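Enquirer: using only what follows, build the 3D model:
(chains A and B)
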Protein chains: 2
Amino acid sequence: MRVLILGIDGYIGWTLAQRLVSKGHDVYGADNFFTRRRVKEVGSESVLPIPQMSKRLTGFKDFYGKDVGFFRGNVADPKFMYRIMEQVGPDAIYHLAEQRSAPYSMIGLKQANETMVSNIVSTMNLVYASKDLNPDVHIIKLGTMGEYGTPNIDITEGFIEVEFRGRKDTMPFPRNAGSWYHWSKVHDSNNLMFANRLWKLKITDIMQGVVYGTATKEIEVSRLFTRFDIDEVWGTALNRFVAQAIAGLPITPYGRGNQKRGFLSLEDSVTCLSIALEKPPGEGEYRILNQFDQYYSVNFLAETVKEAYEKVTGMKAEIKHVENPRVEAEDHYYNPDHRKLQELGYRPSGELKKDVERMISDLMDHRERCVNLRSVIMPKTFWKRSSGI
Amino acid sequence: MRVLILGIDGYIGWTLAQRLVSKGHDVYGADNFFTRRRVKEVGSESVLPIPQMSKRLTGFKDFYGKDVGFFRGNVADPKFMYRIMEQVGPDAIYHLAEQRSAPYSMIGLKQANETMVSNIVSTMNLVYASKDLNPDVHIIKLGTMGEYGTPNIDITEGFIEVEFRGRKDTMPFPRNAGSWYHWSKVHDSNNLMFANRLWKLKITDIMQGVVYGTATKEIEVSRLFTRFDIDEVWGTALNRFVAQAIAGLPITPYGRGNQKRGFLSLEDSVTCLSIALEKPPGEGEYRILNQFDQYYSVNFLAETVKEAYEKVTGMKAEIKHVENPRVEAEDHYYNPDHRKLQELGYRPSGELKKDVERMISDLMDHRERCVNLRSVIMPKTFWKRSSGI
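Expert: Okay, the predicted model is just below:
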């Protein structure tokens, strides 16, 4: 299939490109290097060194023997979106090109508005370009499990049958997100659902858990690494814990650490994303998939990283609870469904403990880089302190 | 109280200013004349003639003996929002300054994005400016009953107790809007709910029904009329039906006309809005009020207008169903709660039939203007045909 990846320079985008080309698909990609620039702005960088896009593309061609058609530009610009839709004429489009950091969106009003606007507008451009130029395209859009929040009932996959005052309806699962970033994804999901109602676009909306890991089976061989962020703005929970241990910092659960979230490895993320492609929804269907392997408490993850680090390196790691910079429940019920991807054939590839040991080995090669970033690892972005101009 | 009305030049804003000043409040207002400009763009104008703001303000001062402090600017500009928040230091702010037309938002991608961005950003600016400069201010934000859509269960006032697989939670009522405009209001409501969770801002989020009418008890005396739009983009159902009859056009329910919606008169709208001010929510509360008098089917409204027109003028009116330009259910269950405003003291002021007769009398004075706008009254903006650049 002809596949267009919006956000191909990102953590998942670059990994997914390798998976898809390995499976025989023709891969095109777009990026405006937003994440690279913004990561620099907070004084950080990817711990796994990543070359410039031109070098990435040459390396890709050398290893896989196939070109990636690359377009530099911003998908929040309608002209750019229409142009690439027209030039590529894809069978499927992955939209991974949104601002993807919760802390970034909570720095202040400027970043909050930027997140709202660029994320929402990019998805609006995508559905209009699809409708106008390519109405049969399969849109695969990355959302987040964080859209649901932590309700006191089981979380379904997007829709819930509600019985109320003796009547019934199947309704969108009520969302209750925890940052402007997460809300922007809720707004996207709502807009996608409506675009499907308007024009019968074929859409898979993925509620993804937190992704961890340094490599996939393709990257292990190609050595064409993807980015790996560990700072407080751009790094995510498990990846940051590993980096903290390696940098000689304490592993820091936020608050009491009983928050539970769904997680999956980078390997499983691209597996699920290619299942979504190869087992598309029906014509005119809007499908929501909850995409994660298992859910864990933050405390359990901290313990797992500590043990793995001590086992792999023979050195000690420490766990230290810090003030929670977020506004979130620290003790809550959590039981999200995640059956649909399994029904489509997803089987988890690994085991958390092994995965974490693997990450530690990979990152120990870059220990100096982790140490150099110590000053940007600890939380500085506090939700309650977010303020304006 | 010191009250700031964002969108004071609008249909409700200008009316509310008169109500509030009559009740002894100090009124400040802001507007960027967006609606005036956009109404001109579709070749239309307010059927009730409205003077320039400078003349409006002079007239206001002459009649009420009190100045309105007016600021010209765009609340989607954070600097402007912060400046007026600082200069006025209000006890309460009404946010009526959003793009308010569903058809406008469905013209094409440009208008869809403009609606999303300006509405969402204005509300974001408002909550940040409140948090930073005036955290005790009472934010009264205009949303719409259209946020809920037409579910097959009763619609509560914002939150619903869900029982699912043996567990319970009180959750946001699942929204399912019917245009980009209505979705932008859903996104606002979600963002307001989150701003309240973050910073305990005191917020009343009003889910308002469709407003009809030409005057309130203040306007009947002051003759300082508010705008009245009848074209297919800026006019709303009942107001347009009245204008169609007066212009000698058929009254046109969309599709089968069994769509039901909540309605209230302009008089009742400003009554409810002042109740929201004078009976504020508790400290740190996010309160949702469903604001309408009764719900009617579109067919019932068409019949009501026809009968009233024939009674008042002695001339014949015709009802003609036209292709529905919208994507909406035409036969559906509809039973929204609207108890809270009644508990706070709201009593409907009139009776639909009398209100409509009154509107017809008022508008017959401007029959020529209605006739001149005949070409912009019939629907041209079709949801399914909305397209991009």
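
Enquirer: shouldn't residue A:54 be within a helix?
Expert: Yes. Counting by DSSP: H, G, I helix; E, B strand; the rest coil, one finds residue A:54 located in a helix.

Enquirer: what parts of the stretch 201-350 of chain A come near chain B?
Expert: Residues of the stretch 201-350 of chain A lying close to chain B (Cβ under 8 Å from any Cβ of the partner chain) are A:327, A:333. Heads up, the C-betas are built off the backbone N, CA and C, glycines and all.

Enquirer: what residue in the stretch 201-350 of chain A comes nearest to chain B?
Expert: Of all residues in the stretch 201-350 of chain A, residue A:327 sits closest to chain B, with a separation of 5.5 Å (Cβ to the nearest Cβ).

Enquirer: residue contacts, the residue lying closest to that residue once chain neighbours are set aside?
Expert: Distances taken as Cβ to Cβ, 6 or more residues apart in numbering or on different chains place residue A:383 nearest to residue A:327, at 4.5 Å, with adjacent residues excluded. Residues near residue A:383 by Cβ atoms under 8 Å, 6 or more residues apart in numbering or on different chains: A:106, A:179, A:325-327, B:198.

Enquirer: one more pass at 6 Å, please.
Expert: A:106, A:326-327, B:198 (Cβ atoms under 6 Å, 6 or more residues apart in numbering or on different chains).

Enquirer: residue ranges with poor pLDDT in the stretch 101-250 of chain A?
Expert: For the stretch 101-250 of chain A, no stretch is flagged by pLDDT under 70.

Enquirer: burial measure for residue A:294, as a count.
Expert: A count of neighbours around residue A:294, defined by other Cβ atoms under 10 Å in any protein chain shown, yields 11.

Enquirer: show me the contacts for the residue lying closest to it once chain neighbours are set aside.
Expert: Spatial nearest neighbour of residue A:294, excluding adjacent residues (Cβ to Cβ, 6+ apart): residue A:263 at 6.6 Å. Residue A:263 is in contact with A:209-210, A:292, A:296, counting by Cβ under 6 Å, 6+ apart.

Enquirer: can you pull out the strands in the stretch 1-150 of chain A?
Expert: Under the criterion DSSP state E, counting those that start in this stretch, the stretch 1-150 of chain A contains strands at A:2-6, A:26-31, A:69-72, A:92-95, A:138-144.

Enquirer: tell me the mean pLDDT over the fourth one?
Expert: The reference is to strand A:92-95. In this model, strand A:92-95 has an average pLDDT of 98.

Enquirer: and what of the third one?
Expert: Strand A:69-72 carries an average pLDDT of 98.

Enquirer: what sits up against that strand?
Expert: A:28-30, A:57, A:84.

Enquirer: columns pLDDT, distance to chain B and neighbour count on top of those, output as CSV?
Expert: Listed next are the contacts of strand A:69-72 as CSV, based on pLDDT from 0 to 100; distance: Cβ to the nearest Cβ, whole Å; neighbours: other Cβ atoms under 10 Å in any protein chain shown:
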residue, pLDDT, distance to chain B, neighbour count
A:28, 98, 20, 23
A:29, 98, 22, 30
A:30, 98, 17, 25
A:57, 98, 29, 18
A:84, 98, 13, 22
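
Enquirer: report the two of those separated the most.
Expert: A:57 and A:84 (15.9 Å; Cβ to Cβ).

Enquirer: picking that back up, the residue nearest to residue A:294 - that's part of a strand, no?
Expert: Yes. Assessed with three-state DSSP, residue A:263 lies in a strand.

Enquirer: those strands in the stretch 251-389 of chain A, which residues are they?
Expert: A:260-265, A:286-291, A:294-297.

Enquirer: let's have those in JSON lines, adding distance to residue B:312 and mean pLDDT.
Expert: As requested, the strands of the stretch 251-389 of chain A are exported to JSON lines (distance: least, Cβ to Cβ, whole Å; pLDDT from 0 to 100):
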{"stretch": "strand A:260-265", "distance to residue B:312": "63", "mean pLDDT": "98"}
{"stretch": "strand A:286-291", "distance to residue B:312": "48", "mean pLDDT": "98"}
{"stretch": "strand A:294-297", "distance to residue B:312": "65", "mean pLDDT": "98"}
